[in-house]
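**Q** predicted structure and sequence below. I'll ask about it afterward.
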Amino acid sequence: MIVLGIETSCDETSAAVVDGGRKVLSNVVASQDDVHAPYGGVVPELASRRHLEVLVPVVRRALDTAGVGLGDVDGFAVTYGPGLVGSLLIGCSAAKAMAYARRRPLVGVNHLEGHIYASFLEGEPPTYPFLALVVSGGLPVLSSTTVSTARSVSRTSALRISTPSSAPRPVATITAVGVASPSAHGQAMTSTPTALVSA
């Protein structure tokens with residue numbers, strides 16, 4: 001199954017093509033650093049406008065890099081939140097339009113859970129149950145994830161960590177995802193950092 005995923009939750013426009021749920025055929029990201037740098041942070045309206053300008057070229061490049069056409073896509077995924085409302089609207093609208101036009105399924109993805117489940121795309125995936133910490137901008141989450149083998153449905157319970165509004169705004173946003181899962185013998189916990197990005 002080939003899935004085209006779109007991410008526009010903040011100030012980067014991204015599209016990826018994934019085959020079989022784990023094989024990344026392409027991953028294209030258009031940064032907006034140059035747009036927001038003069039303001040010292042992300043300006044939501046400017047972010048939305050930039051998504052409008054670059055989303056179609058980013059999707060085309062992701063499809064071209066993957067060596068597939070829109071007709072080869074079996075389903076679509078899109079970030080539905082949390083994030084900047086205007087930015088999310090651009091990505092969701094585009095994904096809904098493509099899914100509708102191609103008569104293919106569309107799945108909404110929680111931005112924070114997407115960070116956690118990205119650890120399944122490379123190397124050995126974590127084993128259930130596992131504990132994940134996502135530190136992404138102003139939206140840190142500590143998540144305990146279990147799976148119901150009877151129904152093969154994963155559940156994530158998240159503890160949202162809030163920052164006081166008086167806290168200083170960070171100059172850079174760091175996204176780090178760590179996944180801890182039991183060892184093969186179920187005794188020691190192992191911690192695997194799965195992503196580290198600074199913007």
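**A** Perfect, I can see it now.
**Q** show me where the chain has strands.
**A** 2-7, 12-19, 23-31, 75-81, 106-110, 130-135, 141-148, 153-160, 174-182, 189-198 (DSSP state E).
**Q** now do stretch 76-95, average pLDDT.
**A** For stretch 76-95, mean pLDDT rounds to 95.
**Q** and it, what's buried?
**A** Judged by neighbour count using 16 or more other Cβ atoms under 10 Å, the buried positions of stretch 76-95 are 76-80, 82-84, 86-88, 90-92, 94-95. C-beta: built from backbone N, CA, C; applies to glycine.
**Q** out of these, which is nearest to R22?
**A** The closest of those to R22 turns out to be A77 (Cβ to Cβ; 13.8 Å).
**Q** isn't that closest one up against L4?
**A** Yes. Shown here, A77 and L4 form a contact pair, counting by Cβ atoms under 8 Å, at 7.4 Å.
**Q** S26 - how many residues pack around it?
**A** When neighbours are defined as other Cβ atoms under 10 Å, S26 has 17 of them.
**Q** surely it and V58 touch.
**A** No. With contact defined as Cβ under 8 Å, S26 does not count as touching V58 (10.3 Å).
**Q** joint contacts of the two?
**A** A15 (Cβ atoms under 8 Å, 6 or more residues apart in numbering).
**Q** tell me, how many residues neighbour V56?
**A** V56 has 12 neighbours, counted by other Cβ under 10 Å.
**Q** next: E122.
**A** Applying the criterion other Cβ under 10 Å, we find 11 residues in the vicinity of E122.
**Q** ok, now G75?
**A** G75: 16 neighbours (other Cβ under 10 Å).
**Q** can you check G71 too?
**A** Counted with other Cβ under 10 Å, the neighbours of G71 add up to 8.
**Q** touching, it and R104? I think so.
**A** No. Between G71 and R104 there is no contact under Cβ under 8 Å: 9.8 Å.
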